[in-house]
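> when you get a sec, could you give me coordinates for this:
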Amino acid sequence: MKHAGLIVELVRREFAGRYQGSLGGVLWALIHPLFLLSIYTLVFGVVLKTRWNGGGGTFGYALYLFAGLIVFNAFSECLIKAPAMIVGNQNFVKKVVFPLEILPLVSAIVALLHAAIGIAVWLLCWVVLFGMPKMTVLLVPLVFIAVLPLLLGIGWIFSALGVMLRDTGQIVGITSHVLLFVTPIFYSIDDIPEPLRAALALNPLTYLVGWTRSFLFAGILPEAIEIIAYMALSLAFSYASLCFFRRLRPLFADLV
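Okay, here's the model as predicted:
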């Protein structure tokens, strides 16, 4: 693949650079999701005594919630970082030969690496608490494949808009908070009244969270037509975003 070596180096630098200088180093990538899972268990399971209909008690709901947040956190990370992606790399912008289009890809790969660590933490906790998971857990990478075009699309759109409109960072911050509550993470979409359920179906994260939980908990495969339609729309969105990015690319050097 073109620029593969450059992409690998940028991914390595961004992933390792996040923990550079800390005593824990890259171990923080493992400590962070474990800490969050502990907090979810304490707050939602012990204090609020929230339960998941599928059973499992306190720990079952904590893992149910954690599974929903894995994909959302990857999306939110890319969304929030996108507006400053070009503005924060002025040295790359000034180099005409540097392929700025790969920066959202680097961000997406790093976000998915953290998501993969989150899945590993989930699996470890599930095995310790409940035994071996269902075989459909092996299909979780399909969710990563499905979300990648979406992450690239928001990266290209909002990184370009971040150059043109500096308020973009504030807007996406608010948007991320709103999406947290209109995505069925803290609740199941089956518990939502039918009119609101139709509205939630417009949220692309609804499907990704649902598929993740289906693979991890229910052992149920989504309808093939649903996955195909989602991938087609996601790829179309990604391609349109790339065209939008390339259209504005010549203006970046004068605006950063």
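
> which stretches of the stretch 1-150 of the chain have low pLDDT?
For the stretch 1-150 of the chain, the stretches with pLDDT under 70 are 1, 19-26, 44-57, 95-96.

> and the strands in it?
For the stretch 1-150 of the chain, applying DSSP state E, counting those that start in this stretch gives no strands.

> need the helices for it, in chain order.
Under the criterion DSSP state H, counting those that start in this stretch, helices of the stretch 1-150 of the chain are mapped to 4-17, 28-40, 57-81, 90-93, 102-130, 140-164.

> which of those helices sits closest to H177?
Evaluated over the helices of the stretch 1-150 of the chain, closeness to H177 peaks at helix 57-81, with 9.1 Å, by Cβ to Cβ. The C-beta positions use only the backbone N, C-alpha and C, and glycine is treated the same way.

> list the buried ones in that closest one?
Buried positions in helix 57-81, judged by neighbour count with 16 or more other Cβ atoms under 10 Å: 58-79, 81.

> that older thread, which one of the helices of the stretch 1-150 of the chain lies nearest to G173?
helix 57-81 (6.3 Å).

> just checking, what packs against the closest one?
If contacts are counted by 3 or more Cβ pairs under 8 Å, 6 or more residues apart in numbering; DSSP states H and E, helix 57-81 sits against helix 28-40, helix 102-130, helix 140-164, helix 168-182, helix 204-213.

> any chance of the ones you listed in TSV, plus distance to E194?
Listed next are those as TSV, based on distance: least, Cβ to Cβ, whole Å:
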stretch	distance to E194
helix 28-40	29
helix 102-130	31
helix 140-164	25
helix 168-182	16
helix 204-213	15
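
> and the gap between the closest residue to Q90 other than its chain neighbours and V172?
Take Q90 and drop its neighbours on the chain: the residue closest to it by Cβ to Cβ, 6 or more residues apart in numbering is V256, 4.9 Å away. Applying Cβ to Cβ, to the nearest Å, the value for V256 to V172 is 18 Å.

> the two: who's more crowded?
V172 (22 against 16; other Cβ atoms under 10 Å).

> so that one sits against K81, correct?
No - using Cβ atoms under 8 Å, V172 is not in contact with K81; the gap is 9.2 Å.

> got a list of what the most centrally placed residue in the chain touches?
When Cα atoms, centre = their mean is applied to the chain, the residue found nearest the centroid is A74 (2.0 Å). By Cβ atoms under 8 Å, 6 or more residues apart in numbering, A74 lies in contact with 111-112, 114-115, 147, 151.

> same thing with A4?
With Cβ under 8 Å, 6+ apart as the criterion, no residue contacts A4.

> correct me if wrong: E14 contacts A108.
No - with contact defined as Cβ under 8 Å, E14 does not reach A108; the gap is 11.1 Å.

> Y61 versus F181, what's the distance?
Applying Cβ to Cβ, the value for F181 to Y61 is 17 Å.
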